[in-house]
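Chemist: Dropping a prediction and its sequence here:
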Amino acid sequence: MAQSWSFRKRDATCSDCNRSYQEGEEVYSLLRLVEEELQRVDACRSCFDQRDVSQDVVYWRTSHSEKRGAMKMDFDLLLAAMEGMAKDEREDRRDLCYLLALLLVRHRKLRLERVEMRGKKEYLILRKIRSQNRFPVESRELEPERRQKLTGILAELMDPTADGDLDSALGAEERA
Amino acid sequence: MRFSVLPLLLVLFVAILPACSSPVPEDESGRWTERVLDPAPPMRDIMDAFEWSMKNAGFAPGERDDFRHSVTSAWDLQLQPFRNKGRRWQGILRVMKNEEGGTIVKSRVIQEKNVTQDDTLDSGEADWERMEDDMIRSRILLQHLVSQLHLAN
């Protein structure tokens, strides 16, 4: 079980080689698990290509901009991350997967079809909108501190360049 | 003859006070699903989350009781052409303190079937009979609530 979590907001340099980005340059944002520590990395193309792929949780490509835009949420990215983690047995990923599932259910990107008990564990049976495929995600009881850290990571996933917490992001999204 | 209203007010106050401080006991019958909230958000946020959860779980708006800290949905009606096949469901969400002083949220979904022999597709003719609470829908409702409460910082 991860005891510490480190992530940070995206800055103007590559996380691995510290090279400054050019305006419009491709940046690969990556969430990875290194010795049970969840890290947020923003790498240039060269460093991204040399990474250890076994540590990947999810990655996505953006372009560097000096301007700070409004916070945007990419549900397709979150959905892809969640689908990938749904099959992963590691505790860290199951916690994050559960919170992602709740987020996507809340925003109606996933439909919560039913809840099943398998032994002592509870599973959410989820279905993507406009799809017939169903998949289970384990319901987790998270410690408050851990939950807050994970929701912080989710906020980072949504937009690493913007300030603000997940709640304000969700509020802005619901008002739109 | 002059009357003092003070004794009268005092009598009224003594008579009304127990009614204010001792609400009717909650009906705790039925099968509930529950979860501890730690830390617990403000009560108003929990009540708002109750209403959102009901909506997201497919229940029509019902009654919000800020005094009893509960939200009860309207009946979710599903009439069927055959006897005993028609169903209706009502969701209940409640927040209360447990013995340790912690805050717990509870969900329950009441389920009834239509046993009328007449026009089974007419809700006005329906004759409803209580069934076992719908535990699956109750768990779904609670997960919708968790999605509202756990993702808020």
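Modeler: That came through fine.
Chemist: how about the residues of chain A near chain B?
Modeler: A:99, A:102-103, A:105-106, A:108, A:112, A:114-115, A:122, A:124, A:139, A:141-142, A:144, A:147-148, A:151-152, A:154, A:165-167, A:170 (CB under 8 Å from any CB of the partner chain). The C-beta positions use only the backbone N, C-alpha and C, and glycine is treated the same way.
Chemist: just the strands in chain A please.
Modeler: Ranges of strands within chain A are A:26-34, A:37-43, A:56-63, A:110-118, A:121-128, A:134-138, based on DSSP state E.
Chemist: which secondary structure elements does the second one contact?
Modeler: The one in question is strand A:37-43. strand A:26-34, helix A:144-158 (3 or more CB pairs under 8 Å, 6 or more residues apart in numbering or on different chains; DSSP states H and E).
Chemist: now do the last one
Modeler: The contact analysis (3+ CB pairs under 8 Å, 6+ apart) places strand A:134-138 against helix A:75-86, helix A:91-106, strand A:121-128.
Chemist: Which stretch among those is buried most, on average?
Modeler: Highest mean neighbour count of the helices and strands packed on strand A:134-138: helix A:91-106, a mean of 22 (counted as mean count of other CB atoms under 10 Å in any protein chain shown).
Chemist: re the thing from before, including mean neighbour count, distance to B:Asn98 and mean pLDDT, could the helices and strands packed on strand A:37-43 go into JSON lines?
Modeler: What follows is the helices and strands packed on strand A:37-43, written out as JSON lines (neighbours: other CB atoms under 10 Å in any protein chain shown; distance: least, CB to CB, whole Å; pLDDT from 0 to 100):
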{"stretch": "strand A:26-34", "mean neighbour count": "19", "distance to B:Asn98": "36", "mean pLDDT": "81"}
{"stretch": "helix A:144-158", "mean neighbour count": "19", "distance to B:Asn98": "16", "mean pLDDT": "74"}
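Chemist: For the spatially most distant residue from the centre of chain A, give its distance to A:Tyr21.
Modeler: Residue farthest from the centre of chain A, counting by CA atoms, centre = their mean, is A:Gly119 at 28.4 Å. With the distance defined as CB to CB, to the nearest Å, A:Gly119 ends up 49 Å from A:Tyr21.
Chemist: likewise A:Pro136?
Modeler: 40 Å.
Chemist: The helix or strand encompassing B:Arg44: how far from the chain's middle?
Modeler: Using DSSP states H and E, B:Arg44 falls within helix B:43-56. Centroid separation between helix B:43-56 and its chain, computed with CA atoms, centre = their mean, to the nearest Å, is 12 Å.
Chemist: Pull out the buried positions in it.
Modeler: Within helix B:43-56, the residues that count as buried by 16 or more other CB atoms under 10 Å in any protein chain shown are B:46-47, B:49-54, B:56.
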